[in-house]
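# This is a predicted model, with the sequence first.
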Amino acid sequence: MILLLNGSLRKSKSNSNHFLNLLKTQLKDSYESVQLHQLKDLNVMKDLLQKADACVIGIPVYVDGVPAQVMEFMEQMYLQYQGQFAQLPVYVITNLGFYESEQGNVLLEIVKNWCSKMGFFYGGGLAIGAGEMLGTLKKVPLNQGPNQQLGKGIQQFAEAISDKRCIEDIYVEQSYFPRRLYILAAHRNWYKMSKQNGLQRKALYQRPAVK
């Protein structure tokens, strides 16, 4: 059984959950999906990990690192259960708002270090750039259009997980969509949200007063 753990506070509506769902379509093994925010008892997580053949954690990038909730989970697991999982393979999918997927490398290193401390086997990571865009393309088939790189990355990643083998970290972005257009679309979205919240566009560029 592959344990799929969603570490996003946006729950089932999150991009992290969407990319985990895409992974499910490519896995050869049975799987169990868990929302991290719903787990109140770490003993339940311990039991799930001990039954699992591998674990995949979906984590969004927050300020180049992991969200506070996920960090707390990692710290508590280390304090209570370090060394109790006999080299369980752990993989991570991360997505980020940055266009460049390489911006996810710090988060992957954090998870890699945690795995080393826990006694897990770090199997590899999949970093997805422009996650806010790719997460909205649910009707676009994998390996087609903007999802072309994503589809190849998901397939490679799923094969490694199913085989329980290590894979080099994979970095993917959207296909056929220039960086400048992505930034333009992001700016337009910010302008739209500012208007919905009663703010003028110039308010987005205000800076704290410095004495």
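Yep, that arrived. Residues are numbered from 1 along each chain as shown.
# Next secondary structure after the helix or strand of the chain with the lowest mean pLDDT?
Taking mean pLDDT, DSSP states H and E as the measure, the helix or strand of the chain with the lowest value is helix 131-134, at a mean of 72. Heading C-terminal from helix 131-134, the first helix or strand you meet, by DSSP states H and E, is helix 148-163.
# Need the mean per-residue confidence for that following helix.
For helix 148-163, mean pLDDT is 94.
# Show me what that helix packs onto, helices and strands only.
helix 15-24, strand 89-95, strand 121-128, strand 170-172 (3 or more Cβ pairs under 8 Å, 6 or more residues apart in numbering; DSSP states H and E). From N, CA and C alone the C-beta is placed, and that goes for glycine too.
# how about a cut-off of 7 Å?
Helices and strands touching helix 148-163, by 3 or more Cβ pairs under 7 Å, 6 or more residues apart in numbering; DSSP states H and E, are helix 15-24, strand 121-128, strand 170-172.
# which residues does the most centrally placed residue in the chain bridge with?
Closest to where the C-alpha atoms of the chain average out (Cα atoms, centre = their mean) is Thr94, at 2.5 Å. Taking DSSP bridges, one obtains Ile59, Ala127 as the residues bridged to Thr94.
# is it true that it touches Glu102?
No. Applying Cβ atoms under 7 Å, one finds Thr94 not in contact with Glu102, separated by 11.5 Å.
# leaving aside the residues next to it on the chain, what's closest to Tyr122?
Closest residue in space to Tyr122, ignoring its immediate chain neighbours: Cys115 at 4.0 Å, by Cβ to Cβ, 6 or more residues apart in numbering.
# quick one: the one you found and Pro89 touch, right?
No. Taking contacts as Cβ under 7 Å, Cys115 lies outside contact range of Pro89: 9.2 Å.
# that older thread, who's in contact with the residue nearest to Tyr122?
Cys115 is in contact with Val90, Phe121, Tyr122, counting by Cβ atoms under 7 Å, 6 or more residues apart in numbering.
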